[in-house]
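>>> When you get a sec, could you give me coordinates for this:
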Amino acid sequence: MASHAALYALSVFLFSAGAGVSGFVKITCNDRTVGQIGQPSLLNCVVKPTQDTTDIDIVNVKWKRSGDAESFLNCHQDEGCTGTWPGYRFADFSSEWDSKNMNISLLITNTQVKDETNYTCFVLTDSGHDEVDVDLQVTAKYSLPNVSLVPENKTPNSKEALICKASGGYPKGTIRWFGENNEEWTKSAETEVKTMDNGLFELSSKLVLLNGSTFSKYTCAVFNSRGRQENKGAIQTTDFLVHEPTPVGKTPKVVAGVLVIGSLIVGLLLLLLIRRRRAQPPHHREGPARGSEADPLDSTA
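You can find the predicted model right below:
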């Protein structure tokens, strides 16, 4: 019992001092682990002998965040586990201590952005001690982008703009714009990145549509921090844009109006002419004067 207490005191000193490998044991871990937001993350570490030693007893195991003075998970052969944080535990340890269990992996049950950091694992055995650093990277996939058409009044020669939004991703990603022929328009867009309350990111990008240069379809694509496309959304601008009528479209209406007005004017003129003719007295031809006619009684035989 005294020997175990001495080993425990030694482990506290070595862990605080950041001592490296000593003796005949070594911790083997994955240097880097990638965890998904909301999912369990396993920092896989196993104690292995460096010589032909096979009979090893683990006395003390500690996990802490690199740079922290205190460990958040501390398990000792005699005293059990103390100072544990909710959501952090050994992956392969039962409720009872097993000094022969060489699997000292750390399990984070519900990974969050705050868990992304470098961790230090320390082990003390009856054959020596070792310490190793493990890096945890956290990722989260962005949501399906939402693309909408909005009025645009701030930019000259433009009436509409496209807005693309995607959220819930990590690390910081980017939004890229493509036209109907897959030509890229990202340089013409303005993208804003906001940090949400849970540490995840929200991406918002605005692409102004200039008059006379609008395509019928645009695609908004979301890329993660590694440059890989995660999601995309498309919009058909022809379903929303309202175009001004062209002069050619107005010509038939103008011609029809002129014809109607012209017909009315001609009809009124004809009506006035007819009424004027009817208002004049009838015109009769004059015959020979009565005095000039020959009287049969005056004729001489």
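>>> And stretch 77-97, what's buried?
By neighbour count on 16 or more other Cβ atoms under 10 Å, the buried set for stretch 77-97 is Q77, Y88, R89, F90, F93, W97. C-beta coordinates here come from the backbone N, C-alpha and C atoms, glycine included.
>>> show me the contacts for the first one.
If you count contacts by Cβ atoms under 8 Å, 6 or more residues apart in numbering, Q77 has them with H4, D57, I58, V59, N60, W97, S99.
>>> let's see it at 6 Å
The contact partners of Q77, by Cβ atoms under 6 Å, 6 or more residues apart in numbering, come to V59, W97, S99.
>>> Now render these as CSV, adding distance to E116.
Rendered in CSV, the data for the contacts of Q77 read as follows (distance: Cβ to Cβ, whole Å):
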residue, distance to E116
V59, 31
W97, 30
S99, 32
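>>> Restricted to helices, list these.
Per DSSP state H, helices hold no members of these.
>>> Closest one of the residues you listed to C121?
Nearest to C121 among those is V59, at 14.5 Å by Cβ to Cβ.
>>> wait, doesn't the closest one sit right on L124?
Yes - counting by Cβ atoms under 6 Å, V59 touches L124, with 4.8 Å between them.
>>> just the buried residues of stretch 77-97 now: which is nearest V46?
For these, the nearest to V46 is F90 (12.1 Å; Cβ to Cβ).
>>> gap between the closest one and L203?
Separation of F90 from L203 (Cβ to Cβ, to the nearest Å): 38 Å.
>>> same thing with L268?
L268 is 69 Å from L203, where distance means Cβ to Cβ.
>>> Could you do D115 as well?
For D115 relative to L203 (Cβ to Cβ), the value is 22 Å.
>>> how does the protein divide up, domain by domain?
As recorded under automatic domain parsing, the domains making up the chain are 2-139, 146-239.
>>> Out of those domains, point me to the one whose mean pLDDT is lowest.
Least confidently modelled of these is domain 2-139, at a mean of 84 by mean pLDDT.
>>> got the end-to-end distance for stretch 141-155?
33 Å (Cα to Cα, to the nearest Å).
>>> Of all the residues in that stretch, which ones are buried?
If you call a residue buried by 16+ other Cβ under 10 Å, then stretch 141-155 has these buried ones: K141, Y142, S143, P145, V147, L149, E152.
>>> Reformat these as TSV; add secondary structure.
Shown next, in TSV, are the buried residues of stretch 141-155 (DSSP: H, G, I helix; E, B strand; the rest coil):
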residue	secondary structure
K141	coil
Y142	coil
S143	coil
P145	coil
V147	strand
L149	strand
E152	coil
